[in-house]
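1. sequence below, structure please.
(4 chains)
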2 protein chains.
Amino acid sequence: MSLNKNHQINPKISTDCVIFGFDNEGLQVLLIERKPVSDREENNALPGDLIYDDEDLDDAAQRVLKELTGLSDIFLEQIGAFGSPDRLSKPEDKKWLESVRQYPDERVITIAYYSLVNKNLYKPQASSFAQSAVWVPVSEVTTLAFDHFEILKAALKQLRSKIKTQPVGFNLLPAQFVLSDLHKLYESILGRPLDKRNFRRKINKLGIVESLNKKQTGVPHKPSLIYKFNEENYQRLVEEGYDNFGF
Amino acid sequence: MSLNKNHQINPKISTDCVIFGFDNEGLQVLLIERKPVSDREENNALPGDLIYDDEDLDDAAQRVLKELTGLSDIFLEQIGAFGSPDRLSKPEDKKWLESVRQYPDERVITIAYYSLVNKNLYKPQASSFAQSAVWVPVSEVTTLAFDHFEILKAALKQLRSKIKTQPVGFNLLPAQFVLSDLHKLYESILGRPLDKRNFRRKINKLGIVESLNKKQTGVPHKPSLIYKFNEENYQRLVEEGYDNFGF
DNA sequence: TAGCAAAGTGTAATTGTGACACCAAGGATA
DNA sequence: TATCCTTGGTGTCACAATTACACTTTGCTA
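-> Below is the predicted model:
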């Protein structure tokens, strides 16, 4: 910490959340559709909000998540700060801000987070911005408002690197699942195919899933065994300093 | 982005830099000694500064680095934002801020960076805070001002994880070095011993160092060959998508 | 010239990875 | 009720990577 200098600013601080979900369609992200202009994709934005006085950054992100999805205490990790002085200055973005902010020209630095939600628990909320929330397959997103596409790319990168060392994927699945769901999830996140037998071998060796000795019913093919995540074994691995899940 | 709400703040934004250096004593970090009170360690702080209007976050961190070390264009990576509302409120810290800031009670959110500098190129500068900069072995740091110890721990964690996938260590070494320097560097960063033969095999296989066919002189033991980092081979590896340096 | 200190080198056992193909089970349908 | 369709579930082999481990070389110093 040094002495004061001239020209320092007091920007606004926001938090923007990249909320990932997963289903048979693959990896999705929850976006807010902004109303005006055409329905071009670049009008979508990440959900976010300005942070409050005396509010911790993580708490602000949890609050956004809660307002939007109704979920609390879910996986959430900071991506980093995005604060380019011109990050809000695309013409469409400026116009939109003018309609919505008291001081639309103020600089805003955002602290970005990503989180993993189980879409089965997700229930859209009635809060002001949750109305226009939509799940969009990550692979179909090519542009977003502000610098949000850049933030999404950073989130994906961090998630990919995280899932190689920690079994965070379970946050995206229901409590009971089938190994092929987990398999598809890993393929969706990593964006490449994984050999079925090798995948299963790895998962089994880790001992982080546990069969419930129940089978699927009503499926037009051989029913799969149903599994749950074994949190105790996972905790043991982490305590032993294990951090390589090797994908 | 949602609608405005009450209670939003306009905090100050600072950047704090964890500047790592390396020599025979191991991994070091550059700290600022705050003047008052006793010479207890918790008076040391990370170098940092408030950011300017219209200044990009990365640029602010580069500026701090330049003012402090005289170096520009060196390895620098964001760690993340630290913004707990009470991060400045330890009594000693408050007293110090009162002596130095116009509005010492203002909330300050910091964007932390870490960087790797070659101590041979480092020359202390005459800037206001560079006067009291000191290199301290990372292993001896146990407390710091504000939340800076937490930031240091995050920096170390990120560096350890980074060095497993990218050969960033070369930023800490002189342009010409000896394999045992590189070996000691990796051991210092990872905090555990690495087998000499296995280490050399890995480095050689990667092809990212290149012998200059010169030997050390004046050492009281068998002289070592002198190496340099092979940037072309490294670039090739990165372009091929290689990101596992396997330590 | 003896001794010291660090440099430099190879192998064997184990473990991990990647590629690959067939049978099983249940529902759907003819 | 037999056939077909779809997905579940399984083992092996070749190769690569990792770990553990000890002795000789070189140059300076005493």
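
2. ok, residue A:61 to residue A:13 distance?
-> Separation of residue A:61 from residue A:13 (C-beta to C-beta, to the nearest Å): 12 Å. The way it works is simple: take the backbone N, C-alpha and C, and place the C-beta from them, glycine included.

3. overlap in contacts, those two.
-> The overlap between the contact sets of residue A:61 and residue A:13 (C-beta atoms under 8 Å, 6 or more residues apart in numbering or on different chains) consists of residue A:111.

4. mind listing the strands for chain A?
-> With DSSP state E, the ranges of strands along chain A come out as A:12-23, A:26-33, A:44-45, A:48-50, A:76-82, A:108-116, A:133-137, A:176-178, A:209-215, A:225-229.

5. reformat those strands as CSV; add distance to residue B:96, mean pLDDT and mean neighbour count.
-> Listed next are those as CSV, based on distance: least, C-beta to C-beta, whole Å; pLDDT from 0 to 100; neighbours: other C-beta atoms under 10 Å in any protein chain shown:
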stretch, distance to residue B:96, mean pLDDT, mean neighbour count
strand A:12-23, 24, 96, 24
strand A:26-33, 42, 95, 22
strand A:44-45, 40, 94, 21
strand A:48-50, 29, 93, 24
strand A:76-82, 25, 98, 21
strand A:108-116, 25, 97, 25
strand A:133-137, 45, 94, 15
strand A:176-178, 53, 97, 16
strand A:209-215, 52, 96, 13
strand A:225-229, 47, 98, 16
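
6. can you tell which of these is closest to residue B:120?
-> Closest of the strands of chain A to residue B:120 is strand A:76-82, at 30.6 Å (criterion: C-beta to C-beta).

7. ok, residue A:118 - contacts?
-> Residue A:118 makes contacts with A:21, A:171-174, as judged by C-beta under 8 Å, 6+ apart.

8. near DNA strand D, which residues of chain A show up?
-> Within chain A, the positions adjacent to DNA strand D are A:178-180, A:196-198, A:200-201, A:219-225 by C-beta under 7 Å from any atom of the strand.

9. any weak-confidence spans in chain A?
-> Low-confidence regions of chain A, defined by pLDDT under 70, span residues A:1-8, A:36-42.

10. quick one on the thing from earlier: which among the strands of chain A is found nearest to residue B:113?
-> Comparing these by their distance to residue B:113 (C-beta to C-beta), the top pick is strand A:76-82, with 10.1 Å.

11. which residue does chain A have closest to DNA strand D?
-> Chain A approaches DNA strand D most closely through residue A:221 (2.6 Å), counting by C-beta to the nearest atom of the strand.

12. measure that residue to residue A:180 for me?
-> Distance, residue A:221 to residue A:180, using C-beta to C-beta: 11 Å.

13. for residue A:193, same thing?
-> 13 Å.

14. domain-wise, how is chain A divided?
-> The record's domain parsing of chain A by automatic domain parsing lists A:12-163, A:168-239.

15. for those, which one sits closest to residue B:136?
-> Nearest of those to residue B:136, taken as C-beta to C-beta: domain A:12-163 at 26.3 Å.

16. make JSON lines out of the strands of chain A and add distance to chain B.
-> Output for the strands of chain A, formatted as JSON lines (distance: least, C-beta to the nearest C-beta, whole Å):
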{"stretch": "strand A:12-23", "distance to chain B": "6"}
{"stretch": "strand A:26-33", "distance to chain B": "7"}
{"stretch": "strand A:44-45", "distance to chain B": "5"}
{"stretch": "strand A:48-50", "distance to chain B": "4"}
{"stretch": "strand A:76-82", "distance to chain B": "4"}
{"stretch": "strand A:108-116", "distance to chain B": "5"}
{"stretch": "strand A:133-137", "distance to chain B": "11"}
{"stretch": "strand A:176-178", "distance to chain B": "29"}
{"stretch": "strand A:209-215", "distance to chain B": "25"}
{"stretch": "strand A:225-229", "distance to chain B": "24"}
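
17. could I get those as CSV with distance to residue B:128?
-> Converted to CSV, these look like this (distance: least, C-beta to C-beta, whole Å):
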stretch, distance to residue B:128
strand A:12-23, 27
strand A:26-33, 45
strand A:44-45, 41
strand A:48-50, 33
strand A:76-82, 25
strand A:108-116, 25
strand A:133-137, 49
strand A:176-178, 58
strand A:209-215, 57
strand A:225-229, 54
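
18. figure out which of the ones you listed is closest to residue B:91.
-> With C-beta to C-beta as the criterion, residue B:91 lies closest to strand A:12-23 of those, at 25.8 Å.

19. what lines up beside that closest one in the sheet?
-> Looking at strand A:12-23 with DSSP bridges, its partner strands are strand A:26-33 (antiparallel), strand A:48-50 (antiparallel), strand A:108-116 (parallel).

20. mind checking which of those strands is nearest residue A:244?
-> Closest to residue A:244 of the strands paired with strand A:12-23, according to C-beta to C-beta: strand A:108-116, at 19.9 Å.

21. could I have the CA atoms of that closest one written out in CSV?
-> This file holds the C-alpha atoms of strand A:108-116, laid out as CSV (Å, rounded to 0.1, in the frame of the first residue of the first chain):
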residue,chain,number,x,y,z
VAL,A,108,-18.1,-0.7,-13.3
ILE,A,109,-15.6,-3.3,-12.3
THR,A,110,-17.1,-6.8,-12.0
ILE,A,111,-16.1,-9.7,-9.9
ALA,A,112,-17.1,-12.8,-11.9
TYR,A,113,-18.1,-16.1,-10.3
TYR,A,114,-19.2,-19.4,-11.8
SER,A,115,-21.4,-21.9,-10.1
LEU,A,116,-22.7,-25.4,-10.8
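
22. just the angle between that strand and strand A:76-82, please?
-> Here strand A:108-116 points in a direction 150 degrees away from that of strand A:76-82 (axes from the mean of the first three to the mean of the last three C-alpha atoms, to 10 degrees).

23. quick one: strand A:108-116 to chain centroid distance?
-> Distance, stretch centre to chain centre, for strand A:108-116: 10 Å (C-alpha atoms, centre = their mean, to the nearest Å).

24. ditto for stretch A:110-118
-> Centre-to-centre, stretch A:110-118 and its host chain are 4 Å apart (C-alpha atoms, centre = their mean).

25. and if you look at stretch A:110-119?
-> Here stretch A:110-119 is found 3 Å from its chain centre; the criterion is C-alpha atoms, centre = their mean.

26. picking up where we left off before, in a markdown table: the strands paired with strand A:12-23, plus distance to DNA strand C.
-> Listed next are the strands paired with strand A:12-23 as a markdown table, based on distance: least, C-beta to the nearest atom of the strand, whole Å:
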| stretch | distance to DNA strand C |
| --- | --- |
| strand A:26-33 | 21 |
| strand A:48-50 | 37 |
| strand A:108-116 | 23 |
